[in-house]
Structure formats: C-alpha cells, structure tokens
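1. Requesting a structural model of the entry that follows:
(2 chains)
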Amino acid sequence: MSVLSSSIARKVAMALSALFLIIFLIIHLAVNLTSLFSADAFNEASHFMGTNPLIQFAMQPVLIFGVVFHFVMGFVLELRNRGARNVKYAKFNGAASSTWASRNMIISGAVILAFIVLHFIDFWIPELNTKYVLGDMSGVLPGEEGYRYFEELQHKFANPLRVGAYVVAFVLLAIHLMHGFQSAFQSMGFNNKYTGFVKAFGKFYSIVIPLGFIIVALCHHFNH
Amino acid sequence: MDLTLKIWRQKGPQDKGQMVEYKVTDISEHMSFLEMMDVLNEGLVAKGEVPVAFDHDCREGICGMCSLHINGEPHGPDRGITTCQLHMRMFKDGDTIYIEPWRAKAFPVIKDLIVDRMAFERIQQAGGYISVNTSGNTQDANAIPISKHNADLSMDAAACIGCGACVASCKNSSAMLFVSAKVSQFALLPQGQIEAADRVRNMVKQMDEEGFGNCTNTGACEVECPKGISLENIARMNREYLKASM
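-> Have a look, this model is predicted:
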C-alpha cells in the first residue's frame, strides 16, 4: 500500500485505528454494564446490536477491519523496528528513559489478540453460526421464553479459568492503553497546552474501562 | 577509583566485533569520561596494544561528535549532557561500566566505538536548508517580524547537535527526534515556509530510506537528548507531514 509507505503515514494509521477501537470499547462496555442492572435491558441491547442491519453490515465490518489492521500493522511495525537494530546492545537500560508499557506494546498487544481469539470462539462465532448459518434471527432459544443473551453470558462466566483469562487480558489492555491513549494523539500531531489533560484523561480511561469489563465478568461469576 | 570496563572492540566495518574487558586504576572523580578513556588508551599504547577508537572533538558538549552508549544509556547516566561532559563522579569505585557504540542499522560501526552517522547528513541534504540569496544583497533577517514565541521554539529545536543519542536510546532506532528538530527549526520561521512541504516530505523519505525504525512515542529520545529537544517537535513534524500530504 503506497499510502502507508512512509513511517509517519503508518503511525497516523495506527493512531486512527486505535482511536476507533477506543470509542468502540466505550460502546461495548456500556452494553455489558446493563447486564449488572437488568437482564431485560441487556437482552434488548444485545438483540438490537446483533440484528440491526446498520450495525451488523456497516459498522461490524468496519470494526473487524479496524481490529485486523491494528494488529497486522502492529506486528509489521515491530518486525521492521527490530530490523532497524541489527546488532543488539550488551546492556540496554530502557527503564531509565521510558515506561515498560511503552516499550512492550507488542507483548500487551499479543495478549489482547489471544483474548480476542478466545472472545470470538466464546461469543462471536457461535453468534454468527446461530444467526447466519442456522438462520435463527429470533434471539430466543428453542422451547424457551425470552431472549437467550443474558443466559449465555452467565453461562460463559461460570468457568473460573475463563474469568481468570478475562481479568489478565483486561489488565494487559489497561497497560496497553496507558501508553496507547496519549500516544495516538501525539502520532496525529496533537501536542499542545491540552496534552496534560489528554494524558490525565488517558490514564483515567485506561483504568476505568478495563476495570468495568473486569467487574462485569467477576459479578456474573460470583452471582451465578 | 578502580574500574572494570567492558568495551566493544571491532577492527573494522566487516569485523564481527566483541566485548573486551579492561581494568583502569587511580581514576580521579574529577575526570571527564573521555579523559578516563584517554588514560585507558595511554596504558594500551604503553603495552603496545591498539588503543580504543572513539569519536570526540570539542569536548565541551556542542559539536555532537562524542557518542558512547554507557551502561545502557547514550551519553551515560547523567541528563542533559554529552559524553564529554559526563564526569567520573557519577560512578563508584569498583563499578563495571559497559561502553558500546550507537546501535542502529543506519549507523554502521566503522571501528570500535565509532559509527558512521552520514545518514543524518543525507537527511539534512534532503531538505534541512532554506534558499537564501547570499550574493551580497541579502535581506536583513531582523527586518522580518517573527513572534517571540516561535523564535524561542525554533531556537530550542536548532539546539540539536545531531549526535544521534535519540536513535541510540530508541528501542526502534527511530530518528524522528533529530529529523523533527531540523524540520521544526525552519517550519517555525517565515524563512522556512517556501520549502516547508518539500522539506518535510523529502527529509522523512530520506529518513525511511536510511533504515531507521518507526517511532512508537516511548519518549526515551527526549529523556536522553543532551540538548533537551522536546517530543513536541515530533508532533509538529507529524502535522507538517500531514499538511504537506493533503
């Protein structure tokens, strides 16, 4: 892709896909949080998100492209950057000048990718199978009353190993965002008198959003 | 103080190279790091061995020649200084000190601790200049109004001495801080506007062709830079690049 032939174009593309995913996380968490207060509200929201044509056929493909792009580009950049230093230092004190989070985005990113694979196997692929392979768009289990989404959610969070994996993944997401949030703004050339606010808000977002996902998982695990 | 030095020795560009251990004794804490290196070399010469080759020139922190990676950091553990300004009082008796050249594919080792930094020169030649008529009727620079704010920012960017510590400290071997300082110093002044778009495009293109890595905003360069060049310059270069691409 010639558009991405320059290093600055690549970092801006990384930043744009990151900001898109940052906004997506807020929407996803908002739907998840409804499950703590009302099974009906969660069912309604899930059914709407799962069957609305605009979300399913316009926004979902964009989201998948954003996720895949961010991961592929992340790995490509990591490989290129490793190649830019062909002989390693005998001693490299990275901690003296930068944070662990900023130096290890590839590690936190790889854990998040592993989580997304698990997440797809858990929720997304069965969902696609039910709706588009089996053709059941009703959102209702055969022979039962009411929507199935809340029931499925509780079932998934019964297994402590899965909940543990979710918690670890979201801690790594928090670490990823600790650097990534402000970094995305810097990449797009945003570094001015508001940068202090962006950094502070980035820290707040990096803790609150992953913590929200963790709370939802733990609540369903212990209240089941 | 007595020290153990682990120094990268490499006979030439094609040699594989290796870390070699040396002992130095009776080093004064008032010595500069390079004076300590001089003491080491005098000892090596007296024993008939080949002295350690390292870059140095002004020894007062303004030429940008000295370039040692000391104990895992460019220009050593102190801040806002070059290697020649690093004093031995930063170390303790009995310390082991690792001394290595800048490591980047774009900075190949010439000998021992000396690297070839011509990549920076080629980036400068790609656009780090302004076209001024110097045939005798040059306009007085003071006749052009420039805001104090921009003049200060431009001066801060121009403080870059091109030593390459930004590349050496970056886990990605990215040259963005250097290039952004050179882009910024002109982008902030009226004299730099005419070639602004070509400058940033050409300098970034040359930077990429030289094989430097991609910036991931770790901020290590800003911390290790002996001249305190700010990350704001990288953001400015990104803006200039986007503007030039539109």
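2. What parts of chain A come near chain B?
-> Contact residues of chain A with respect to chain B, defined by Cβ under 8 Å from any Cβ of the partner chain, are listed as A:5-12, A:77, A:80-81, A:83-94, A:96-99, A:102-103, A:105, A:179, A:182-183, A:186-192. Glycine gets a C-beta too; all of them are placed from N, C-alpha and C.
3. Got a quick ChimeraX command for the buried subset of the residues you listed?
-> With 16 or more other Cβ atoms under 10 Å in any protein chain shown as the criterion, this ChimeraX line picks the buried residues out of the residues of chain A next to chain B:
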select /A:6,7,8,9,10,11,12,77,80,81,84,85,87,89,90,91,92,93,94,97,98,102,103,105,179,182,183,186,187,188,189,190,191
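4. Looking at the residues of chain A next to chain B, which are in helices?
-> In helices, defined here by DSSP state H, the members of the residues of chain A next to chain B are A:7-12, A:77, A:80-81, A:83, A:102-103, A:105, A:179, A:182-183, A:186-187.
5. quick one, what contacts the most centrally placed residue in chain B?
-> Averaging the C-alpha coordinates of chain B gives a centre point, and the residue nearest to it by Cα atoms, centre = their mean is B:C163 (1.9 Å). Counting by Cβ atoms under 8 Å, 6 or more residues apart in numbering or on different chains, B:C163 makes contact with B:G64, B:M65, B:C66, B:S67, B:P74, B:H75, B:T82, B:P226.
6. Which single one of those residues is nearest to chain A?
-> Proximity to chain A was ranked across the contacts of B:C163 by Cβ to the nearest Cβ; first place goes to B:P74, at 9.1 Å.
7. Quick check: the closest one vs A:E152, distance?
-> The span separating B:P74 from A:E152 equals 54 Å under the rule Cβ to Cβ, to the nearest Å.
8. So for those two, which residue has more residues nearby?
-> For B:P74 against A:E152, the residue with the higher neighbour count under other Cβ atoms under 10 Å in any protein chain shown is B:P74, and the figures read 27 against 17.
9. Ramachandran angles for that one?
-> The phi and psi torsions at B:P74 (degrees, to the nearest 10) take the values phi -60, psi 140.
10. wait, it sits on B:S67?
-> Yes: with contacts counted by Cβ atoms under 8 Å, B:P74 reaches B:S67, the gap being 7.5 Å.
11. what residues do these two have in common as contacts?
-> By Cβ under 8 Å, 6+ apart, the residues touching both B:P74 and B:S67 are B:W102, B:C163, B:G164, B:A165, B:A168.
12. So the last one sits against B:P74, correct?
-> Put plainly, it is B:A168. Yes: under the criterion of Cβ under 8 Å, B:A168 is in contact with B:P74, at a separation of 4.0 Å.
13. and stretch B:218-232, how far from the chain's centre?
-> Computed by Cα atoms, centre = their mean, to the nearest Å, the separation of stretch B:218-232 from the middle of its chain amounts to 11 Å.
14. Any buried residues in it, and which?
-> Of the residues in stretch B:218-232, those buried under the neighbour-count criterion (16+ other Cβ under 10 Å) are B:218-227, B:229-232.
15. And for chain A, the residue most distant from the center?
-> Taking Cα atoms, centre = their mean as the measure, the residue most remote from the mean C-alpha position of chain A is A:A90, 35.8 Å away.
16. err, chain B, not the other one
-> B:N137 (35.5 Å).
17. separation between that one and chain A?
-> 38 Å (Cβ to the nearest Cβ, to the nearest Å).
18. what's the average pLDDT for stretch A:151-170?
-> Per-residue pLDDT values across stretch A:151-170 average out to 93.
19. Can you name the residues in contact with it?
-> Taking contacts as Cβ under 8 Å, 6+ apart, the residues outside stretch A:151-170 that touch it are A:35, A:42, A:111-112, A:114-115, A:118, A:122-123, A:141, A:210-211, A:213-214, A:217-218, A:220-221, A:224.
20. In ChimeraX, how would I select the buried members of those?
-> Below is the selection syntax for ChimeraX that covers the buried ones among the contacts of stretch A:151-170, with 16+ other Cβ under 10 Å defining burial:
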select /A:35,42,111,112,115,122,210,213,214,217,220,221
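21. Would you mind confirming that B:V39 is in contact with B:I27?
-> Yes: with contact defined as Cβ under 8 Å, B:V39 counts as touching B:I27 (6.6 Å).
22. on that earlier part again, just to check, the residue farthest from the centre of chain A is in contact with B:E100?
-> Yes: taking contacts as Cβ under 8 Å, A:A90 lies within contact range of B:E100: 6.1 Å.
23. what sits against the residue farthest from the centre of chain A?
-> A:A90 makes contact with B:K6, B:W8, B:M19, B:Y98, B:E100, according to Cβ under 8 Å, 6+ apart.
24. Narrow those residues to those that are buried.
-> The buried subset of these - by 16+ other Cβ under 10 Å - is B:K6, B:W8, B:Y98, B:E100.
25. Quick one: the strands in chain A, in order.
-> Listed in chain order, the strands of chain A (DSSP state E) amount to none at all.
26. Repeat that for chain B.
-> With DSSP E applied, chain B shows strands at B:3-9, B:18-24, B:69-70, B:73-74, B:96-100, B:109-111, B:114-115, listed in chain order.
27. For A:E127, give me its contacts.
-> Residues in contact with A:E127, defined by Cβ under 8 Å, 6+ apart, are A:G50.
28. thought A:F185 was touching A:G196?
-> No: if you go by Cβ under 8 Å, A:F185 and A:G196 don't touch, sitting 11.6 Å apart.
29. In terms of neighbours, single out the busier of those two.
-> When A:F185 and A:G196 are compared for neighbours, A:F185 comes out ahead with 22 against 9, by other Cβ under 10 Å.
30. Which residue is the nearest non-sequential neighbour of the more buried one?
-> Taking Cβ to Cβ, 6 or more residues apart in numbering or on different chains as the measure, A:F185 lies nearest to A:V198, with 5.2 Å between them; neighbours along the chain are not counted.
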